[in-house]
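> A predicted structure for the sequence below; I have some questions about it.
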Amino acid sequence: MTFDELMTKVKGMSSRVNAEGVGFLAVQVNIKGENGGVFYVEVKDGKVSAEPYEYNDRSCAITMTNEDFNKLIDGELDPVKAFFGGKLKVDGDVGKALEFSKLIK
């Protein structure tokens, strides 16, 4: 999957996420390797948005390959196992990364 296809998929998913009761959350996603790129997912006022830009004032940043991120958002890869298995790296607030993982399930 190309990075542009991944962004289309993430944007489509973000429009269907129920973020009621979730406080402010800004996660930058760094996709490394082939078909890599950077985007962010923001939860604000109960709405989720995703844009292909870096987010400087983020809660945390996660780094994964395109393939592993797709498995994560498709429910085929558990985020905790991915973290402890070295497939998911978190820079910043790990609690916010866990909150993010609950949103994408």
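In hand now; what should we look at? Since the structure is predicted, the reported quantities are computational estimates derived from the model, not experimental observations.
> in what helix or strand does residue 71 lie?
Counting by DSSP states H and E, the element that carries residue 71 is helix 66-73.
> which strands and helices sit next to the helix or strand just after that helix?
From helix 66-73 onward toward the C-terminus, using DSSP H and E, the following helix or strand is helix 79-84. Judged by 3 or more CB pairs under 8 Å, 6 or more residues apart in numbering; DSSP states H and E, helix 79-84 is in contact with helix 66-73, helix 94-103. From N, CA and C alone the C-beta is placed, and that goes for glycine too.
> relative orientation of the first one and helix 94-103 in degrees?
Same thing as helix 66-73. Here helix 66-73 runs at 70 degrees with respect to helix 94-103, directions being taken by axes from the mean of the first three to the mean of the last three CA atoms, to 10 degrees.
> circling back to that earlier point, mind listing what's buried in the helix holding residue 71?
Of the residues in helix 66-73, 66, 68, 69, 70, 71, 72, 73 count as buried by neighbour count, 16 or more other CB atoms under 10 Å.
> helix, strand, or coil at residue 57?
For residue 57, the secondary structure call by DSSP: H, G, I helix; E, B strand; the rest coil comes out as coil.
> residues in contact with it?
residue 26 (CB atoms under 8 Å, 6 or more residues apart in numbering).
> just to revisit the earlier point, export the helix holding residue 71 as CSV, just CAs?
This file holds the C-alpha atoms of helix 66-73, laid out as CSV (Å, rounded to 0.1, in the frame of the first residue of the first chain):
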residue,chain,number,x,y,z
ASN,A,66,3.5,0.7,6.7
GLU,A,67,2.8,-3.0,6.8
ASP,A,68,2.7,-3.2,10.6
PHE,A,69,0.5,0.0,10.9
ASN,A,70,-2.0,-1.5,8.4
LYS,A,71,-2.1,-4.7,10.5
LEU,A,72,-2.6,-2.5,13.6
ILE,A,73,-5.6,-0.6,12.2
